[in-house]
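**Student:** give me a 3D structure for the following:
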Amino acid sequence: MNVLIDGWTLTQRNLLRLRHEPGTLLTIMLMPTVFVVLFGFVFGSAIGIPGSSNYREYMMPGMFVLGTGTALSSAMVGVAMDQSRGVMDRLRSMPTNRVSVPLGQSGAEALIGVYGLVVMMVYGLIVGWRAHNGIAQTMAGIGLVLLLRYTLAWVGTYLGLAIRNASTAANLAPLTLPLTMVSNAFVPTDGMPTWLRVICEWNPLSALATATRTLFGNPGTPGPDAAWPLTHPVTATLLWAGLLLVIFVPLSARRFARAGL
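**Tutor:** All right, here's what the predicted structure looks like:
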């Protein structure tokens with residue numbers, strides 16, 4: 001219980017920090033505009049989706065996935081900055097469970113993700129995206145997006161603890177973008193070279209994109225020859241989330257405890 005209490009306290013601490021960094025919330029609000037216009041109206045006119053002429057309905061779940069992927073870079077940079085400022089050393093000297101600090105970082109990223117997802121969904125509604133399968137499946141899709149964001153925040157937390165240097169983390173942050181690009185977030189995998197298609201179809205973000213399209217009733221149903229994660233996307237997303245949490249929760253806790261040594 002103390003772990004949860006300490007984790008919630010540190011989650012609040014990370015959220016309160018946003019009061020002094022209003023640019024973060026402003027970026028979350030404005031960047032989706034750029035991507036929606038770029039992919040929906042510039043690139044989208046040249047991209048065909050089998051069985052549908054509405055690319056923007058295919059695109060929006062990919063946008064939700066793009067927002068999910070930012071949790072990795074955001075957590076990585078945030079934790080590395082705290083390391084550079086000595087915040088982690090002060091927290092390490094306190095009588096808190098070693099899981100509490102990374103738990104607070106990942107919890108804050110999940111809650112920030114709620115705000116970002118709401119903003120993105122509003123933009124989606126403006127450009128014509130709709131969820132067609134009812135409130136239960138819509139909420140299930142939203143839950144999967146937030147679950148994987150929370151999971152990737154743990155990955156980013158571990159990387160931030162490992163890197164320690166804020167400048168290095170900031171320079172590496174853009175390298176997380178290919179994680180989204182090498183997926184089916186914005187284009188189907190059918191026309192890709194075999195080697196690239198295999199990578200894309202086994203990308204956890206491809207499973208999430210396909211799962212949300214299925215739950216929201218949007219176009220983009222994979223073909224019968226697609227890899228297992230795309231033919232069972234909800235199950236695959238849950239398995240990916242569970243696997244990554246099993247790996248990175250203990251790694252993050254251990255790294256936090258040993259970072260000062």
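**Student:** this protein: helices as residue ranges?
**Tutor:** With helices called from DSSP state H, the chain shows them at 2-16, 22-37, 55-85, 87-92, 100-127, 134-163, 166-172, 177-181, 194-201, 204-216, 228-231, 233-258.
**Student:** next up, the contacts around the residue nearest the centre of the chain.
**Tutor:** The centroid of the chain falls nearest to Thr68 when counting by CA atoms, centre = their mean (1.9 Å). Shown in contact with Thr68 (CB atoms under 8 Å, 6 or more residues apart in numbering): 113, 145, 148-149, 152, 205, 208. Every C-beta, even on glycine, is put in place using the N, C-alpha and C of the backbone.
**Student:** any weak-confidence spans in the stretch 151-261 of the chain?
**Tutor:** Scanning the stretch 151-261 of the chain for pLDDT under 70 picks out 259-261.
**Student:** how many residues are close by the residue lying closest to Ser84 once chain neighbours are set aside?
**Tutor:** Leaving out its chain neighbours, the residue that sits closest to Ser84 by CB to CB, 6 or more residues apart in numbering is Ala166, at 4.3 Å. By other CB atoms under 10 Å, the residues close to Ala166 number 19.
**Student:** what's the distance between Ala166 and His20?
**Tutor:** Here Ala166 is placed at a distance of 16 Å from His20 (CB to CB, to the nearest Å).
**Student:** still on that earlier bit, and the helices of the chain, which is most packed in?
**Tutor:** helix 204-216 (a mean of 26; mean count of other CB atoms under 10 Å).
**Student:** and that helix, what does it pack against?
**Tutor:** Packing partners of helix 204-216 (3 or more CB pairs under 8 Å, 6 or more residues apart in numbering; DSSP states H and E): helix 55-85, helix 134-163, helix 228-231, helix 233-258.
**Student:** helices and strands around the shortest one, which ones?
**Tutor:** On a contact count with 3+ CB pairs under 8 Å, 6+ apart, helix 228-231 meets helix 204-216, helix 233-258.
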